[in-house]
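*Asks:* Turn this into a model:
(one chain, ligands or ions: 1)
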Amino acid sequence: MDLRYLIDYLLAISFSTLIFACISEGRPRLVLRGYLSLIAFAWFIETYNIYPLTTKIVDGVILFCSLSLAILWQGDLRRLMELLGTGRVDIILRSHHNDELNTSTVDQLTEAAGRLSQSRRGALVVIDLGSNLRPEDFLNPGIPLDAQISVDLLLNVFVTDTPLHDGAVLVQNNRIRSAGVILPLSHQGLNRYGTRHLAALGITERFNHCVCIVVSEETGNLSFAKEGKLERPITSSRLQMLLSRLVGNPPRKITSVPPRKLLSDILEPRA
Ligand SMILES: Nc1ncnc2c1ncn2[C@@H]1O[C@H](COP(=O)(O)OP(=O)(O)OP(=O)(O)O)[C@@H](O)[C@H]1O
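*Replies:* Residues are numbered from 1 along each chain as shown. Below you'll find the predicted structure:
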């Protein structure tokens with residue numbers, strides 16, 4: 001066999017395996033399997049070139065499927081391009097986050113969030129768990145702090161009318177890297193959520209290995225964003241449990257701060 005063909009087959013198999021390795025969810029894997037099978041079929045009939053009409057039809061179907069997938073997965077494709085463009089191929093290949101939280105960070109974050117919630121002070125904390133977030137990933141990278149996490153510091157940052165309270169706090173490697181960070185907004189739920197919550201959705205739908213804690217100024221409710229989904233309202237014990245899962249330790253019992261539920265939250269759509 002021609003060596004070029006052998007290299008071609010090996011490259012095609014490696015590339016397909018790589019794509020499958022990057023997609024962990026069941027349904028997208030099935031869709032991709034169907035799409036790749038179609039491409040293999042098209043290649044087969046084009047190679048022998050004896051059925052010109054069938055070739056044309058299969059080409060048309062592939063074009064249609066490619067366009068449909070581009071529309072269906074536009075968010076994922078954009079994220080993929082962003083990661084490739086910024087040279088972070090390792091994040092695409094990594095299936096598990098490896099920048100884990102430590103228990104002290106979980107305690108400090110939970111306590112600060114609970115106290116901010118009780119005093120109805122709006123807050124947004126992004127926790128980078130291996131996405132290796134960089135200044136270019138934000139609309140505004142904010143002010144670098146590189147400080148040890150403490151409840152007092154978090155409470156201080158989110159005091160209204162101070163320069164840093166607007167925007168998010170970024171936590172990386174169990175330290176506060178920066179504050180006043182302006183995150184990209186999500187386009188989902190535009191008339192359901194305010195900008196603070198849309199910012200939490202925006203960053204977590206672009207980067208899988210990061211989570212957000214949101215404290216609503218309006219209601220005092222706590223929310224937790226992960227993979228572009230928002231869980232709210234949650235109690236601080238639930239928050240501790242969610243964060244503890246990122247450490248890998250079972251949660252310890254703490255005094256629960258019940259979420260305040262407003263009728264507007266139950267009835268949903270917000271203007
Ligand atoms: N893109 C962003 N990145 C980070 N923080 C943001 C962003 N947009 C808005 N915020 C923060 O959210 C605040 C405004 O919150 P807004 O009331 O619009 O949203 P919300 O989701 O309704 O929150 P809340 O329930 O606290 O009112 C701003 O003062 C700012 O601190």
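
*Asks:* list the helices and strands the helix or strand that contains residue 33 packs on?
*Replies:* Using DSSP states H and E, the secondary-structure element containing residue 33 is helix 26-48. With contacts defined as 3 or more CB pairs under 8 Å, 6 or more residues apart in numbering; DSSP states H and E, the secondary structure elements packing on helix 26-48 are helix 3-22, helix 52-72. C-beta: built from backbone N, CA, C; applies to glycine.

*Asks:* Would you mind listing the buried residues in the longest one?
*Replies:* Same thing as helix 52-72. By neighbour count, and taking 16 or more other CB atoms under 10 Å as the criterion, the buried residues in helix 52-72 are 58, 65, 69.

*Asks:* can you give me the angle the helix holding residue 33 makes with helix 52-72?
*Replies:* 150 degrees (axes from the mean of the first three to the mean of the last three CA atoms, to 10 degrees).

*Asks:* Helix 26-48 versus helix 3-22: what angle between them?
*Replies:* For helix 26-48 against helix 3-22, the angle by the same axes, to 10 degrees is 170 degrees.

*Asks:* Residues contacting helix 26-48, please?
*Replies:* 16, 19-20, 23, 51, 54-55, 58-59, 61-62, 65, 69, 72-73 (CB atoms under 8 Å, 6 or more residues apart in numbering).

*Asks:* So which of the buried residues of helix 52-72 is the closest to the ligand?
*Replies:* The shortest approach to the ligand among the buried residues of helix 52-72 belongs to residue 69, at 29.2 Å (CB to the nearest ligand atom).

*Asks:* For this structure, which residue gets nearest to the ligand?
*Replies:* Distances from the chain to the ligand, computed as CB to the nearest ligand atom, single out residue 194 as the nearest residue at 1.9 Å.

*Asks:* Would you agree that residue is in contact with residue 218?
*Replies:* Yes. With contacts counted by CB atoms under 8 Å, residue 194 reaches residue 218, the gap being 7.5 Å.

*Asks:* Could you tell me which residues of the stretch 1-150 of the chain lie near the ligand?
*Replies:* Taking CB under 6 Å from any ligand atom as the criterion, the neighbours of the ligand within the stretch 1-150 of the chain are 122, 124.

*Asks:* that older thread, and the least confident of the contacts of helix 26-48?
*Replies:* Model confidence across the contacts of helix 26-48 bottoms out at residue 23, which has 66.

*Asks:* what residue of this protein is the furthest out?
*Replies:* Centroid-distance maximum for the chain: residue 50 at 47.3 Å, with CA atoms, centre = their mean.

*Asks:* For residue 220, which three-state class applies?
*Replies:* coil (DSSP: H, G, I helix; E, B strand; the rest coil).

*Asks:* what about it, neighbour count?
*Replies:* 20 (other CB atoms under 10 Å).

*Asks:* Which residues are in contact with the residue nearest to it when sequence neighbours are not counted?
*Replies:* Sequence neighbours aside, residue 120 is the residue nearest to residue 220 in space, at 4.2 Å (criterion: CB to CB, 6 or more residues apart in numbering). For residue 120, the contact set (CB under 8 Å, 6+ apart) comprises 216, 217, 218, 219, 220.

*Asks:* Now rank those by neighbours and give me the top one.
*Replies:* Compared across the contacts of residue 120, residue 216 has the highest neighbour count, 26 neighbours, by other CB under 10 Å.

*Asks:* list the contacts for that one?
*Replies:* Contact partners of residue 216, counting by CB under 8 Å, 6+ apart, are 120, 122, 194, 196, 197, 222, 223.

*Asks:* try 7 Å this time
*Replies:* The contact partners of residue 216, by CB atoms under 7 Å, 6 or more residues apart in numbering, come to residue 122.

*Asks:* Domains in this protein, by residue range?
*Replies:* The chain breaks down by automatic domain parsing into domains covering 3-93, 103-255.

*Asks:* Out of the ones you listed, which one sits most buried?
*Replies:* Across the domains of the chain, averaging neighbours per residue (mean count of other CB atoms under 10 Å) puts domain 103-255 on top, at a mean of 19.

*Asks:* in the stretch 151-271 of the chain, which spans are helices?
*Replies:* For the stretch 151-271 of the chain, helices defined by DSSP state H, counting those that start in this stretch occupy the ranges 151-157, 195-206, 236-247, 263-267.

*Asks:* got the CA positions of the first one in PDB?
*Replies:* Included here for helix 151-157 are C-alpha records, laid out as PDB according to Å, rounded to 0.1, in the frame of the first residue of the first chain:
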ATOM      1  CA  VAL A 151     -13.600  36.200  54.700                       C
ATOM      2  CA  ASP A 152     -12.700  39.700  55.700                       C
ATOM      3  CA  LEU A 153     -11.000  40.500  52.400                       C
ATOM      4  CA  LEU A 154     -14.000  39.100  50.400                       C
ATOM      5  CA  LEU A 155     -16.400  41.100  52.500                       C
ATOM      6  CA  ASN A 156     -14.300  44.200  52.000                       C
ATOM      7  CA  VAL A 157     -14.000  43.900  48.300                       C
END
